[in-house]
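Novice: model this:
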Amino acid sequence: MNNTAVMTGRFSGPFTALLKREFLEGKNYYFWLPVILLGGVLTLFFLMAIGFGSVIEIGSMEVKNIYNLGSALERAQERDPVELPAAITAMYWLMAGPAAVTIPFVVFFSLLGALYEERRDRSVLFWKSMPVSDWQEVLAKLLVPVLGTLFLFLGAVIAMQLLTAILLSLIVLLQGGPISALWPLGLMVTSWVTAAVVILLYTLWALPVFAWILLVSAYAPRMPFVYAMLPPTVVVVVEAVFFETGNLLSFLGRHLGGWMGDFFANIHIDSPRDLITLLFGGGYFRAFGGALTNMDFWVGLLIGALFLAGAVELRKRSV
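Specialist: Below is the predicted model:
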């Protein structure tokens, strides 16, 4: 299968063939793992929706006259029609939480083994004989585990949300509830677009970390996990003990998500709409412009480019 994927490059382009090969080799982790996890969550949620109780207890207060999901939606729509669309959208995204926990591990270990495994099993000799450059190989091994994994996960989440809305609509239809409440399409589409922007922005910010892992994968003679974790850990400890600073730790924290702190500072969440506005508001779109004037952002891109260049050089010397 691998040989076929590369040979088809004459028709679709060598780099496209490399991307296909990387996906086919890791599709169990990039595609099937999130699909299975999201499917499991959807199944449990569907069973819970069918078995919705007749009386709901909130603390010491009983909410009566709620006999099923349909009546619960009807009550919620009567009580606060403004907040209900945001609450439904938030519920759809919270369902993806358990599967989202696995994504960082998939990305980390996929990058860690990307160049190490082909050296260990000596398949690198075969791939180096193909009419593709080392730059193309390294970029393919970066893009598929990172952008491929994240966007495939987003696609699976969108499919799960739509399927959830369809299944719940069938239940509510039989129960006589307001089906339209389950389809806040404006907020749903906005959240999907924002999620795609966040993926792109996060990838650019975290590039030095991703590129470091790929560099270690190209260099480590054995135990790449130790080679990836030990040097930065030692630097952080030495810096803290002998210099009483934490520059590397701050750098890593900011590039692994700390840059988002500006959007979450001084935020008070009092309602589902506040939560949705926080998670999927327009701040991330403004963050693109802010990144262009942020020195940390450009330093990170430069370091990431240097690490990638190092990975390419190491792969050229692989024998």
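
Novice: Val312 and Ser110, how far apart?
Specialist: 18 Å (CB to CB, to the nearest Å). Using the backbone N, CA and C atoms, a C-beta is placed for each residue, glycine as well.

Novice: the more surrounded of those two?
Specialist: Remark: of Val312 and Ser110, Ser110 carries more neighbours, 23 against 20, as counted by other CB atoms under 10 Å.

Novice: That one: what's it in contact with?
Specialist: Counting by CB atoms under 8 Å, 6 or more residues apart in numbering, Ser110 touches 26, 29-30, 144-145, 149.

Novice: That one: helix or strand, and which one exactly?
Specialist: Per DSSP states H and E: Ser110 is located in helix 103-114.

Novice: Just give the number of residues close to the closest residue to Ala220 other than its chain neighbours.
Specialist: In space, and not counting its chain neighbours, Ala220 is closest to Tyr227: 4.1 Å by CB to CB, 6 or more residues apart in numbering. By the criterion of other CB under 10 Å, Tyr227 has 18 neighbours.

Novice: and Tyr227, that's in a strand?
Specialist: No: checked against DSSP: H, G, I helix; E, B strand; the rest coil, Tyr227 lies outside a strand; its state is helix.

Novice: Show the contacting residues for it.
Specialist: Listed by CB under 8 Å, 6+ apart, the contact set of Tyr227 reads 216, 219-220.

Novice: buried ones in the helix holding Ser110?
Specialist: For helix 103-114, a neighbour-count test (16 or more other CB atoms under 10 Å) marks 103, 106-108, 110-114 as buried.

Novice: ok so, going back, return the member of the contacts of Ser110 nearest to Arg122.
Specialist: For these, the minimum distance to Arg122 (CB to CB) is 19.5 Å, reached by Gly26.

Novice: quick one: that closest one and Pro145 touch, right?
Specialist: Yes: checked against CB atoms under 8 Å, the pair Gly26 and Pro145 is within contact range at 7.1 Å.

Novice: picking that back up, identify those among the contacts of Tyr227 that sit within helices.
Specialist: Among the contacts of Tyr227, DSSP state H puts 216, 219 in helices.

Novice: okay, the contacts of Tyr227 in JSON lines with pLDDT and neighbour count next?
Specialist: Supplementary listing: the contacts of Tyr227 in JSON lines, determined by pLDDT from 0 to 100; neighbours: other CB atoms under 10 Å:
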{"residue": "Val216", "pLDDT": "95", "neighbour count": "25"}
{"residue": "Tyr219", "pLDDT": "92", "neighbour count": "17"}
{"residue": "Ala220", "pLDDT": "90", "neighbour count": "19"}
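
Novice: I'd like the contacts of Tyr227 laid out as JSON lines, including distance to Val197.
Specialist: Listed next are the contacts of Tyr227 as JSON lines, based on distance: CB to CB, whole Å:
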{"residue": "Val216", "distance to Val197": "29"}
{"residue": "Tyr219", "distance to Val197": "33"}
{"residue": "Ala220", "distance to Val197": "34"}
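
Novice: host element of Gly40?
Specialist: Using DSSP H and E, Gly40 falls in helix 33-50.

Novice: List the buried residues of that helix.
Specialist: In helix 33-50, counting by 16+ other CB under 10 Å, buried: 33-35, 37-39, 41-42, 45-46, 49.

Novice: Quick one: work out the angle between that helix and helix 103-114.
Specialist: Put simply, helix 33-50 runs at 160 degrees to helix 103-114, going by axes from the mean of the first three to the mean of the last three CA atoms, to 10 degrees.
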